[in-house]
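K.L.:
kindly generate the corresponding structure for this input.
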Amino acid sequence: MVRRGTRIAVVGINYAPETSGIAPYTTEMCEFLASTGADVTVITGVPHYPEWRVTHGYDPKKVTIETIDQVRIIRVPHYVPPVQSVKNRARYEASFLANGLRATRNIDADMVIGITPALADGVIAARLAHRLSVPFGMIIQDLMGAAASQSGISGGSRVARLTGRLERSTVSRADRIAVIAPGFSRALVRQGIPAESIDWLRNHSHVTASSKTTAQAREALGWPEGKYLVVHTGNQGMKQGLENVIEAARLMPTESAVQFILVGDGNQRSKLEREAEGLDNVTFVDPLSEAVYPDALAAADVLLMNERPGVVDMSLPSKLTSYFAAGRPVVAAVSPAGETAHELERAGTTAIVASGAPAQLAQLLDDLATGRRDCTADAAAGKAYADAQLSRDAARTRLLAFIDSLAASRP
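P.N.:
This next block holds a predicted model:
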């Protein structure tokens, strides 16, 4: 257990009010630790994800300090790139690094935790821990070296080796490391990180399933009855490769009842909307509030997971925990060798096709919509997996064990 009064500093560029991606997990972790009696300070950025623009009401040019649910939050200014490229990503990281380091000058702590995917998060946390001579922990939500080469960012492959070296340099300084997927652990061990310093810290299902029936959820959202709804939620960025979904929609038979609903935002949404012009079976929906989001999952006939070809071991999409908990079947177009496919298989998902194969995706969805194939058993298996492995209580137990091991790493 965390000793009351333990001072924990957490560095992560994503935090509430961001409602998708990594922010909900970092936020809940910090609020839970604070509820146990820890004194928690978070160094974070201005809210900007997944839209990649600063959320209204926040100032991207000055430091702000606030306390929410017993957590002290220091928001530092940084550049928010409207377009993803190596140059823009470097400016994003560098601006958060410089301002984040300045924000640590007056911070004291008994342990420090950095959270990727921002490289700057780990560097800031490592330097603060070194200055204070306290334990330094890392929570790996994304592998940045792999992300540079796999995410599709312009010029990313050219800097992947450098990014990987910087990542290894930072992670190797950590006393304890937590990863959200077993594939991440194997990748780190291949890079020379001792296996005994790595813990498996699964993300949990932070979304409570809607109490509405499918018909009630569709009525509440204004979504059509009589259609076979294929719902994708979350970021619409390069990693998701949703061009594949647009092309699958184009290939659907004219009489098909399949309707694609893409809920969310991201730096590729405008491009996707242009590509979907003229397609009546594709609908874009703005990000939904935390209260309404579960209804979107309940309204679906199937929930869609899609990744661009080449995405293998850089990340494990956070939306999967919500998908499984919702008790709806999941259809996936992902690399069969990737970490996402492995997690889907652990949860009992069978409706998987290769990424970047729109004809295969269209055929699978047509088979499901017409009853030639059934995946209702997948929904029950996914729900059982979420209940057994992805509960909030299980995640908190694993987190406390990680904190205990981190505290014990430097008595």
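
K.L.:
use CA for all of it now, contacts and neighbours both
P.N.:
Noted.

K.L.:
output the below-cut-off pLDDT ranges for the stretch 301-411 of the chain.
P.N.:
312-314, 411 (pLDDT under 70).

K.L.:
and the chain, by the same measure?
P.N.:
Along the chain, segments meeting pLDDT under 70 span 144-160, 312-314, 411.

K.L.:
same thing but 50
P.N.:
The chain contains no residues with pLDDT under 50.

K.L.:
okay, now the domains of it?
P.N.:
Each structural domain of the chain that the record assigns through automatic domain parsing is listed here as a residue range: 7-204+391-409, 214-388.

K.L.:
same list (those domains) but as TSV, adding mean neighbour count and distance to Met1.
P.N.:
What follows is these, written out as TSV (neighbours: other Cα atoms under 10 Å; distance: least, Cα to Cα, whole Å):
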stretch	mean neighbour count	distance to Met1
domain 7-204+391-409	20	6
domain 214-388	20	22
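
K.L.:
can you map out the helices along the stretch 51-200 of the chain?
P.N.:
For the stretch 51-200 of the chain, the helices identified by DSSP state H, counting those that start in this stretch occupy 86-103, 119-132, 144-150, 156-171, 182-190, in order along the chain.

K.L.:
now tabulate those helices in TSV and tack on distance to Gly266.
P.N.:
Converted to TSV, the helices of the stretch 51-200 of the chain look like this (distance: least, Cα to Cα, whole Å):
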stretch	distance to Gly266
helix 86-103	15
helix 119-132	21
helix 144-150	17
helix 156-171	18
helix 182-190	25
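
K.L.:
check this protein for me, the residue farthest from its geometric middle.
P.N.:
Computed with Cα atoms, centre = their mean, the maximum C-alpha offset from the centroid of the chain is found at Glu255, amounting to 35.5 Å.

K.L.:
host element of it?
P.N.:
Assessed by DSSP states H and E, Glu255 sits outside every helix and strand.

K.L.:
could you do the one 5 residues further on as well?
P.N.:
For Phe260, the enclosing helix or strand under DSSP H and E is strand 258-263.

K.L.:
and for Gly241?
P.N.:
When elements are defined using DSSP H and E, Gly241 is found to belong to no helix and no strand.

K.L.:
got it, and Met305?
P.N.:
Counting by DSSP H and E, the element that carries Met305 is strand 302-306.

K.L.:
what helices or strands is the helix or strand following that strand leaning on?
P.N.:
Where DSSP H and E defines the elements, the next helix or strand beyond strand 302-306 is helix 319-326. The helices and strands touching helix 319-326, judged by 3 or more Cα pairs under 8 Å, 6 or more residues apart in numbering; DSSP states H and E, are helix 293-298, helix 376-389.

K.L.:
before we move on, back to that, quick one: the residue farthest from the centre of the chain and Leu132, what's the gap?
P.N.:
In this structure, Glu255 and Leu132 are 66 Å apart, going by Cα to Cα, to the nearest Å.

K.L.:
one more: His342?
P.N.:
Counting by Cα to Cα - His342 and Leu132 are separated by 40 Å.

K.L.:
repeat that for Leu251.
P.N.:
Relative to Leu132, Leu251 is positioned 59 Å away (criterion: Cα to Cα).

K.L.:
and for Val245?
P.N.:
As for Val245, its distance to Leu132 is 49 Å (criterion: Cα to Cα).

K.L.:
what do you get for Arg410?
P.N.:
Per Cα to Cα, Arg410 is found 12 Å from Leu132.

K.L.:
repeat for Ile139
P.N.:
Taking Cα to Cα as the measure, Ile139 falls 20 Å from Leu132.

K.L.:
what sits against Gln389?
P.N.:
The contact partners of Gln389, taken as Cα atoms under 8 Å, 6 or more residues apart in numbering, are His204.

K.L.:
can you verify Val332 is assigned to a strand?
P.N.:
For residue 332 the amino acid is Ala, not Val. Yes. Secondary structure assignment places Ala332 in a strand (DSSP: H, G, I helix; E, B strand; the rest coil).

K.L.:
please save the CA atoms from stretch 94-103 in PDB.
P.N.:
Taking only C-alpha atoms (Å, rounded to 0.1, in the frame of the first residue of the first chain), the coordinates of stretch 94-103 have been written out as PDB:
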ATOM      1  CA  ALA A  94      11.000  20.000 -27.400                       C
ATOM      2  CA  SER A  95       8.500  22.700 -26.300                       C
ATOM      3  CA  PHE A  96       7.000  20.400 -23.700                       C
ATOM      4  CA  LEU A  97      10.500  19.300 -22.600                       C
ATOM      5  CA  ALA A  98      11.800  22.800 -22.100                       C
ATOM      6  CA  ASN A  99       8.700  24.100 -20.200                       C
ATOM      7  CA  GLY A 100       8.300  20.800 -18.300                       C
ATOM      8  CA  LEU A 101      11.800  21.000 -17.000                       C
ATOM      9  CA  ARG A 102      11.300  24.500 -15.800                       C
ATOM     10  CA  ALA A 103       8.100  23.400 -14.000                       C
END
